[in-house]
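Chemist: Here's a sequence, model it:
(one chain, ligands or ions: 2)
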Amino acid sequence: MITLIIPCYNEQDALPIFYQEVTGVLSGLHEEYELIFVNDGSTDRTLQLLKEFAESDAHVFYLSLSRNFGKEAAMYAGFCNAHGDYVGIMDADMQDPPALLPDMFRLLKSGEYDCVAARRVSRSGEPLVRSWFARKFYQIINRFSEVEIADGARDFRLMRREMADAVVSIKEYNRFSKGIFGWVGFRTCWYPYENVERAAGETKWSFWKLFRYALDGLINSSHALLSFASWCGTAMAVIAFFMLLFVIVRRLCFGDPVAGWASLVCIIIFIGGVQLFYMGIMGQYIAKTYMETKRRPHYIVAESNIDAKKFD
Ligand code: UDP
Ligand code: MG
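Modeler: Ligands and ions are numbered 1, 2, ... in the order given. Next up, the predicted model:
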């Protein structure tokens, strides 16, 4: 059986198109399947639509979360309640084209891979600034994190039960799925495709939300930033030592005291800034550790048409 998890947040415009398309594709596969829609605290008609689908179609299950927990939590809720031998994850906005599913499924079933993940080879239709930042993000994260995260990788992927179990076993509160999928390992096949624009509705990601997400992802999958402070501090101490030597020698040999109120102030402010910057980075890690230690559930299900795991 194939389980598809679809996180939905205010997707009333895209859902009917998606549902029709994905049902068409899946029924052509001649495999058993279930669709788990996770309503992530939508404020529009998303939940009503899901109930309508569920009424007329026994393949449709929905989990409605008690508020907007974010896409990561919505995906996790889906994973915790997925029972298929193959588990897939897809956006509801048709940016993960259902038409790719048969090919991806064929690759997965061949037994050569444990996971088939879609990867966009173009970012057409996306704002240029955003594409630039996205590319830089992947360069940076791949440099500093121990796991490889392919540029253009999406959350859209199909995996075997074993890998889905591994993903569920990772219980961290601050989830960054792309990092988690990489971390659990398994043989992954990258399936390239051209970017598709959203069929209806709007993206839930503003530039700043995406920026924060990228920063969180970096912090979650690497602690390289923490060691920057020591490197930077060491370098500064060495430079300061030679500057001191220079000043002493000049004073002793040439009797030339260095006048420099302005430069002194600049240096103090500069070093103060660097210190605060690193304190900020440490603060980020401490905040994340704090959230982890609280052990709150990732999601809370308020309503569902299955006997769902209510929180985890
Ligand atoms: N989504 C969600 N919770 C959120 C934000 C988004 O479940 O808080 C879902 C959304 O409904 C969609 C998917 O995550 O199915 C991707 O969102 P979106 O299309 O806005 O992101 P983009 O494709 O622009 O990165
Ligand atoms: Mg989208």
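Chemist: Tell me the residues of the stretch 51-200 of the chain that contact ligand 1?
Modeler: Within the stretch 51-200 of the chain, the positions adjacent to ligand 1 are 68, 70-71, 74, 91-93, 95, 198 by C-beta under 6 Å from any ligand atom. To be clear about C-beta, it is placed using only N, CA and C from the backbone, and glycine gets the same treatment.
Chemist: residue closest to the middle of the chain?
Modeler: residue 176 (4.1 Å; C-alpha atoms, centre = their mean).
Chemist: my read: it touches residue 221, true?
Modeler: Yes. Assessed by C-beta atoms under 8 Å, residue 176 is found in contact with residue 221 at 6.0 Å.
Chemist: just to revisit the earlier point, contacts only, for the residue nearest to the centre of the chain.
Modeler: By C-beta atoms under 8 Å, 6 or more residues apart in numbering, residue 176 lies in contact with 72, 216-217, 220-221.
Chemist: do residue 271 as well
Modeler: residue 236.
Chemist: quick revisit: give me the subset of the contacts of residue 176 that lies in helices.
Modeler: Cross-referencing the contacts of residue 176 against helices under DSSP state H gives 72, 216-217, 220-221.
Chemist: where's the closest residue to ligand 2 within the stretch 151-300 of the chain relative to residue 94, distance?
Modeler: Nearest residue of the stretch 151-300 of the chain to ligand 2: residue 198, at 5.0 Å (C-beta to the ion). Here residue 198 is placed at a distance of 7 Å from residue 94 (C-beta to C-beta, to the nearest Å).
Chemist: and residue 18, how many neighbours?
Modeler: Residues lying near residue 18 (other C-beta atoms under 10 Å) number 24.
Chemist: Pretty sure it sits against residue 199.
Modeler: Yes. Between residue 18 and residue 199 there is a contact at 7.3 Å, judged by C-beta under 8 Å.
Chemist: Find residues that contact each of these two.
Modeler: With C-beta under 8 Å, 6+ apart, residue 18 and residue 199 have common neighbours 93-94.
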